[in-house]
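A.B. asks: Everything below, folded, please.
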Amino acid sequence: MALTLNTGHPLFGNLKSFICVDGGVIKDLVQTGRTFTPHAAVTYGTNGYGEFFKTAQVSNNAQGVAFSPAMETCDPAQKTIVVIVTDHVNLGAALSIRGTGGVSPGTFWTGSAVVSKNRHASWTTTNGTVPNPTMIGFTRTGEASSGLIENGTLTSQGQLYYNGTRPTGYIGGDTTGGFGGCLVASYNYIIEFDVALDSTQVSDLYASLGASGAISLLSAGGGTDASAGGGTGTSTGSGSG
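C.D. replies: Numbers count the residues shown, from 1 in each chain. Sure, this is the predicted structure:
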């Protein structure tokens with residue numbers, strides 16, 4: 001069954017992006033005109049969270065998925081980006097976000113620890129270590145405050161960078177091997193909101209994850225049957241919603 005958004009969800013009106021794999025094609029259920037260009041090394045399959053595309057890495061360079069239009073990570077002031085990701089290696093940047101004047105708030109690592117960088121500090125481990133996070137991401141409320149999302153937990157982070165633009169147009173890390181490295185992982189969902197989620201909203205979203213791609217932002221029955229479709233292979237998966 002094709003994936004469809006749950007229009008009755010309290011956060012439906014705040015969705016800016018919902019990137020997923022549907023029938024072996026990478027698409028955005030919100031920005032249906034967004035296009036995706038996977039690297040030839042990207043593979044596809046199904047797991048407990050539905051269909052996924054899996055990124056690769058060669059000589060520290062990302063082999064992931066380029067997309068257009070890009071996703072803005074700093075502007076407007078209210079922002080949340082979360083990634084549902086599995087089968088990851090120890091370290092890597094889930095998204096490639098870079099620019100002059102500092103790094104973006106959208107670079108977060110996963111593996112033996114989840115780390116993030118605030119405006120005036122170096123990389124630091126927060127909230128202990130989480131061996132296998134499934135949902136990672138960040139919230140942003142202007143320059144004043146931000147939060148790191150690790151599964152169902154939201155941890156306050158203080159300042160994030162500055163007001164301005166920090167777009168990303170690549171999933172899986174940085175194609176040059178810089179700015180935090182590359183994450184070899186299976187990506188199920190990449191979700192963007194135009195609001196900073198609170199701790200309850202983060203917890204509820206994580207708790208809604210279930211078998212065959214279930215998540216509260218999708219209509220019931222809209223997840224992928226993990227027993228059919230999508231198996232790993234050479235499909236390009238390129239296309240728009």
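A.B. asks: can you map out the helices along this structure?
C.D. replies: 199-207 (DSSP state H).
A.B. asks: got any ranges where it has weak pLDDT?
C.D. replies: 1, 88-94, 96-133, 158-164, 178-181, 221-241 (pLDDT under 70).
A.B. asks: go again using 50 as the cut-off
C.D. replies: 98-107, 109-112, 117-130, 224-241 (pLDDT under 50).
A.B. asks: Give the buried residues for stretch 65-79.
C.D. replies: For stretch 65-79, burial by neighbour count (16 or more other CB atoms under 10 Å) applies to 65, 66, 67, 71, 72, 73, 74, 79. (Each C-beta comes from the backbone N, C-alpha and C, glycine too.)
A.B. asks: Among those, which one lies nearest to residue 17?
C.D. replies: residue 71 (5.9 Å; CB to CB).
A.B. asks: Just to check, the closest one is in contact with residue 165?
C.D. replies: No - the pair residue 71 / residue 165 is not scored as a contact, 11.1 Å apart, by CB atoms under 8 Å.
A.B. asks: Let me see the backbone angles for the residue found closest to residue 172 once you drop the neighbours it is linked to in the chain.
C.D. replies: Nearest non-adjacent residue to residue 172, counting by CB to CB, 6 or more residues apart in numbering: residue 64, 2.2 Å away. The phi and psi values for residue 64, taken as degrees, to the nearest 10, are phi -130, psi -130.
A.B. asks: what bridges to residue 28?
C.D. replies: Beta-bridge partners for residue 28, by DSSP bridges, are residue 19.
A.B. asks: give me the number of residues near it?
C.D. replies: 22 (other CB atoms under 10 Å).
A.B. asks: That one and residue 18 touch, don't they?
C.D. replies: Yes - assessed by CB under 8 Å, residue 28 is found in contact with residue 18 at 6.2 Å.
A.B. asks: Just the endpoints, please. Distance across stretch 19-27?
C.D. replies: 6 Å (CA to CA, to the nearest Å).
A.B. asks: List the buried residues in that stretch.
C.D. replies: 19, 20, 21, 22, 24, 25, 26, 27.
A.B. asks: what's the farthest-apart pair in the residues you listed?
C.D. replies: It's 19 and 24 that sit farthest apart of the buried residues of stretch 19-27, by CB to CB, at 14.6 Å.
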